[in-house]
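Colleague: below are the sequence and a predicted model; questions follow.
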Amino acid sequence: MKDTFYKYIQNLQDSITSKLEEIDGKAKFQEDIWKRPEGGGGRTRVIEDGAVFEKGGVNISAVHGPLPKAMQSYFNVGDVDFFACGLSLVLHPINPMVPTVHANWRYFEMYDKSGEIVDSWFGGGQDLTPYYLFEEDAKHFHSVCKNACDRHHPDFYKTYKKKCDEYFYNAHREEARGIGGLFFDYCKKKDDMTMQDWYDFVTDVGDSFLEAYVPIVERRKDLLFDENHRNWQEIRRGRYVEFNLVHDKGTLFGLRTNGRIESILMSLPPRVQWRYDHHPKTGTEEEKLVEVLKKPVEWQ
């Protein structure tokens with residue numbers, strides 16, 4: 001399974017970066033091949049200072065070796081080896097009317113010292129973080145997510161949409177990071193789902209990413225904006241940074257397994273603001289967004 005999934009994310013990285021370069025029309029992804037001393041490595045692709053994307057990355061990695069002690073405690077296991085591979089992407093557009101997007105699809109195995117697999121699972125998802133709320137965009141993104149889920153199980157969208165709302169939440173701010181999408185983890189073999197079934201589901205979600213995001217970018221990338229819009233975007237980006245550094249499990253896993261720092265922190269936007277006790281004015285589009293972030297919305 002691990003070889004099959006790694007081949008899949010290699011191809012998915014190619015298709016996503018090609019399409020994003022086409023949309024941007026100016027910048028190209030710069031590729032960086034790296035190796036992890038303990039085993040494995042990855043292929044980082046970053047785009048910067050484009051016509052549409054201010055910064056973004058579409059990264060794949062496949063790492064393996066002894067599971068660090070810090071992660072043994074996290075997974076409540078003993079001295080085991082592991083293999084993990086996945087694709088992770090974050091895109092920060094220039095235009096504040098275009099939302100930031102994040103997605104990740106991954107596969108994990110753990111082995112005993114004889115090399116036997118003792119556990120394996122899939123995880124991932126995709127979620128949208130707008131700075132200005134266009135309900136049409138939110139409904140479109142969630143519609144694509146729901147369609148991908150419905151092809152595999154009638155309860156998947158409801159379940160994984162709820163998990164996304166719960167996970168991408170800045171508890172210290174009492175607000176969501178964005179308007180959600182899907183989040184699933186520890187997808188293991190069980191009575192009604194084989195590992196092949198999970199593979200089919202996760203790859204279907206991965207294949208749906210461009211359909212979910214590209215039409216939104218194309219609708220919003222040429223809308224007019226001013227300095228006030230950019231200031232608001234950068235303030236909200238600050239909340240994005242807070243989540244990634246305080247709460248995100250993927251960031252934590254990368255840091256604790258001696259992952260490549262540049263690739264792990266690629267998700268951080270280039271320009272951010274933190275203003276003391278800042279609140280949007282009553283009746284504005286900025287306030288409209290914040291109100292939605294206080295309580296999850298059923299977009300489907």
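Modeller: Now that the structure is in, tell me what you want to look at.

Colleague: which SSE is immediately downstream of whatever helix or strand residue 119 lives in?
Modeller: Secondary structure from DSSP states H and E places residue 119 in strand 117-129. Going down the chain from strand 117-129, the next helix or strand is helix 135-150, by DSSP H and E.

Colleague: next, the angle strand 117-129 makes with that following helix.
Modeller: Inter-element angle recorded for helix 135-150 and strand 117-129: 160 degrees (by axes from the mean of the first three to the mean of the last three Cα atoms, to 10 degrees).

Colleague: tell me which helix or strand comes right after helix 135-150.
Modeller: Counting by DSSP H and E, the next helix or strand C-terminal to helix 135-150 is helix 156-167.

Colleague: quick check: angle from that following helix to strand 117-129?
Modeller: Orientation of helix 156-167 against strand 117-129 (the same axes, to 10 degrees) gives an angle of 80 degrees.

Colleague: list the buried residues in helix 156-167.
Modeller: Within helix 156-167, the residues scored as buried using 16 or more other Cβ atoms under 10 Å are 156-157, 160-161, 163-165, 167. To be clear about C-beta, it is placed using only N, CA and C from the backbone, and glycine gets the same treatment.

Colleague: next one: residue 61 from residue 6, what distance?
Modeller: Using Cβ to Cβ, to the nearest Å, residue 61 is found at 9 Å from residue 6.

Colleague: between the two, which is the more surrounded one?
Modeller: Neighbours around residue 61 and residue 6, counted as other Cβ atoms under 10 Å, are more numerous at residue 61. The numbers are 24 against 17.

Colleague: which ones are touching that one?
Modeller: Applying Cβ atoms under 8 Å, 6 or more residues apart in numbering to residue 61 gives the contacts 40-43, 84-86, 88, 259-260, 263.

Colleague: now list the buried members of those.
Modeller: 40-43, 84-86, 88, 259-260, 263.

Colleague: coming back round to it: what is the nearest of the contacts of residue 61 to residue 117?
Modeller: The nearest member of the contacts of residue 61 to residue 117, counting by Cβ to Cβ, is residue 84 at 13.1 Å.

Colleague: got the angle between the helix or strand hosting that closest one and strand 117-129?
Modeller: Assigned by DSSP H and E, residue 84 belongs to strand 81-93. Orientation of strand 81-93 against strand 117-129 (the same axes, to 10 degrees) gives an angle of 10 degrees.
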